[in-house]
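A.B. asks: Next comes the sequence, and after it the predicted model I'd like to discuss.
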Amino acid sequence: AKSSLGWLSAIIIIQLYVYYFQALNYRDVLRIKDLEVKPGELYPMSFVVQFLNQALPSAGLSGQVFFIRYLKKYGLSLAEGMGRAFIEIMTFWMAIGLFFIASSAIILKGGAIANVPQLRYVIYTFVFLAIIVVFVFLLIQKRKRSGLARWVTNWLHRHFEINRKLKNEDVIDRSKHVEEILDQFRSSLKIKTLERKAKNFWMAFFWQCMILLAHVATLYFISFAIGHPIGFRLAFIVFSLVRFISMIAFVPGSLGVFEASMTLILVSFGVPAGPALAMTLIFRAFTFWFPMPIGWALYRWYFWQYKFESSYDELVQDDLN
């Protein structure tokens, strides 16, 4: 209630640009798949994807399922849609990694790690996960699928087959679908594939960085709105750390995890508890709660539109038969 309306208006504008940057990321990722879609058509979908990602914890995977189905209207196959999702998530994780590394370097250089020793565990966790991701990325560059991947695929098939038999259900061989997903995962993230579309790939990565930078600016502006300004560098560090923590926390929307971690990190860097909590709650209001009804409404609209179009296609097919 006491916040400056001028700063809050600027924050709204920044947040609107966040979804525009996301639409530009979608556009460039789709260009890698030789599909051209205007950002204006992808702008509403950015709200829907964020809504689903926040409602269902999956490190950014939840909204991709709906988006893949939506892209079928543009002639993008299921396999190609999954390949697009893999590339988009890859650029997202790369941007998160870049911001986290930059913020960690600032912390270590400034000696703040001595005042907040708990940050060491966050950095260690990031290093551990980064090593795994890099190892997987290098592993998929192999020409042939490894024996381990084949073993996992066959094991999953046998597991579901046994469960269906115990339930007296028909056994459906899903192993081919799993193999298709793995093949699309490998082909989409191959270095040679990314080199052919290097410009689009790096532009997609750039837009992911712009999204994160806009969120940093949002936190920075909020500090001015409540009359307790913090430095842009501190806003950058706090958001980068909290974004990584919330990403690995498998809680819907990171509820509680995000609020607690941001407030505690702000306090650990010398921000009083009251302003720290106010910054956190206002930040969550603009980045989480306010867009949720918009995303939900658009999701319902797309859902019913897709359902109607599917029913209409079935009726046309019946008439042709």
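C.D. replies: That came in fine, so what should we check first?

A.B. asks: Now the host helix or strand of E41: buried residues?
C.D. replies: Assigned by DSSP states H and E, E41 belongs to helix 39-55. Buried residues in helix 39-55, counting neighbours by 16 or more other CB atoms under 10 Å, are found at 39, 42-54. C-beta here means a position set from N, CA and C on the backbone, and glycine is covered the same way.

A.B. asks: What segments of the protein are helices?
C.D. replies: Here the chain has its helices, by DSSP state H, at 5-32, 39-55, 62-70, 78-110, 119-139, 147-166, 175-188, 191-196, 198-225, 232-248, 257-268, 273-284, 291-320.

A.B. asks: could you redo those helices as CSV and give each row mean pLDDT?
C.D. replies: Below are those laid out as CSV (pLDDT from 0 to 100):
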stretch, mean pLDDT
helix 5-32, 92
helix 39-55, 87
helix 62-70, 79
helix 78-110, 86
helix 119-139, 82
helix 147-166, 57
helix 175-188, 59
helix 191-196, 76
helix 198-225, 94
helix 232-248, 90
helix 257-268, 90
helix 273-284, 94
helix 291-320, 69
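
A.B. asks: Count the neighbours of I132 for me.
C.D. replies: Counted by other CB atoms under 10 Å, the residues lying close to I132 total 10.

A.B. asks: Sort out which residues of stretch 273-282 are buried, please.
C.D. replies: 275-280, 282.

A.B. asks: Which two of those have the greatest separation?
C.D. replies: A276 and I282 (11.2 Å; CB to CB).

A.B. asks: tell me the contacts of the closest residue to V267 other than its chain neighbours?
C.D. replies: For V267, the nearest residue in space outside its immediate sequence neighbours is A276; the separation is 5.1 Å by CB to CB, 6 or more residues apart in numbering. Counting by CB atoms under 8 Å, 6 or more residues apart in numbering, A276 makes contact with 262-263, 266-267.

A.B. asks: Can you flag the buried ones in the residues you listed?
C.D. replies: 262-263, 266-267.

A.B. asks: Same list (the buried residues of helix 39-55) but as JSON lines, adding distance to I211.
C.D. replies: Formatted as JSON lines, those follow (distance: CB to CB, whole Å):
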{"residue": "P39", "distance to I211": "14"}
{"residue": "L42", "distance to I211": "14"}
{"residue": "Y43", "distance to I211": "13"}
{"residue": "P44", "distance to I211": "16"}
{"residue": "M45", "distance to I211": "15"}
{"residue": "S46", "distance to I211": "10"}
{"residue": "F47", "distance to I211": "13"}
{"residue": "V48", "distance to I211": "16"}
{"residue": "V49", "distance to I211": "12"}
{"residue": "Q50", "distance to I211": "10"}
{"residue": "F51", "distance to I211": "16"}
{"residue": "L52", "distance to I211": "17"}
{"residue": "N53", "distance to I211": "13"}
{"residue": "Q54", "distance to I211": "15"}
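
A.B. asks: export the buried ones among the contacts of A276 to JSON lines and tack on distance to L24?
C.D. replies: Listed next are the buried ones among the contacts of A276 as JSON lines, based on distance: CB to CB, whole Å:
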{"residue": "M262", "distance to L24": "27"}
{"residue": "T263", "distance to L24": "32"}
{"residue": "L266", "distance to L24": "31"}
{"residue": "V267", "distance to L24": "36"}
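
A.B. asks: for the residues you listed, which one is nearest F224?
C.D. replies: For the buried ones among the contacts of A276, the nearest to F224 is L266 (14.7 Å; CB to CB).

A.B. asks: Tell me how far the closest one lies from I230.
C.D. replies: 8 Å (CB to CB, to the nearest Å).

A.B. asks: Now for these two: what residues contact both?
C.D. replies: Listed as contacting both L266 and I230 by CB under 8 Å, 6+ apart are M279.

A.B. asks: What is the nearest of the buried residues of helix 39-55 to S104?
C.D. replies: So of the buried residues of helix 39-55, ranked by how close each gets to S104 (CB to CB), first place is N53, at 24.7 Å.

A.B. asks: My read is that the closest one contacts G63, right?
C.D. replies: Yes - look at N53 against G63 with CB atoms under 8 Å: they come within range, at 4.5 Å.

A.B. asks: wait, isn't R284 in contact with A260?
C.D. replies: No - with contacts counted by CB under 8 Å, R284 stays clear of A260, the gap being 11.4 Å.
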